[in-house]
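K.L.:
I'll drop the sequence and a predicted model, then ask my questions.
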Amino acid sequence: MKVEDFLNLARRTSTIVATAESCTGGMIAAALTDIAGSSDVFDRGFVTYSNAAKQDMLGVTATSLDAFGAVSEPVAREMADGALTRSRATIAVSVTGIAGPGGSDHKPEGRVCFGLARKGHPTFTETVEFGPLGRAAVRAATRDHALHLLAQATAEMQKTP
């Protein structure tokens, strides 16, 4: 789905979006706000590149960061939940990952954890292994997947009576 189509769908469903981004550094918010008139759908974006920013801006706990690391589904969940509760949004997407170069055996380059929080629904998380595509390609793939998650969840909300 094109970004313009998602924004129109969000308007029809009265969806308001917030983003919580680490490895993409604001690329998801930029993709949404590149479209004129998106301010009626997009509330705000949190760029929380450091662990301190994740804690200060989104309420991610030190316990989760210590136990699982920043690139983990528990942290992606807390990021999405934090963006939802600290905004006017009805849906929030979060991303945290290893864009590269580098990584480790435990957390390889191209691993990205996603969170999707919606008012009245359990928060969804998933990990996608994009692989060592290179920093720019991993970040672009992450942006596109996050936009897909937003569109898919919003389309599901439209079907709900």
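P.N.:
Looks like it arrived, so ask away.
K.L.:
which SS class is Thr19?
P.N.:
strand (DSSP: H, G, I helix; E, B strand; the rest coil).
K.L.:
Which residues are in contact with the residue nearest the centre of the chain?
P.N.:
Closest to where the C-alpha atoms of the chain average out (CA atoms, centre = their mean) is Ser94, at 2.3 Å. Contacts for Ser94 (CB atoms under 8 Å, 6 or more residues apart in numbering) come out as 19-22, 76-77, 79-80, 83, 114-117. For glycine as for every other residue, the C-beta is placed from the backbone atoms N, C-alpha and C.
K.L.:
Just grab the bridge partners of it for me.
P.N.:
Applying DSSP bridges to Ser94 gives these bridge partners: Ala20, Gly115.
K.L.:
That one and Ala146, how far apart?
P.N.:
Ser94 sits 8 Å away from Ala146, going by CB to CB, to the nearest Å.
K.L.:
the helices in the chain, which residues?
P.N.:
Applying DSSP state H to the chain gives helices spanning 3-12, 27-33, 51-58, 62-68, 73-85, 135-159.
K.L.:
I'd like these as CSV, with distance to Ser104 appended.
P.N.:
As requested, the helices of the chain are exported to CSV (distance: least, CB to CB, whole Å):
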stretch, distance to Ser104
helix 3-12, 33
helix 27-33, 24
helix 51-58, 17
helix 62-68, 14
helix 73-85, 16
helix 135-159, 15
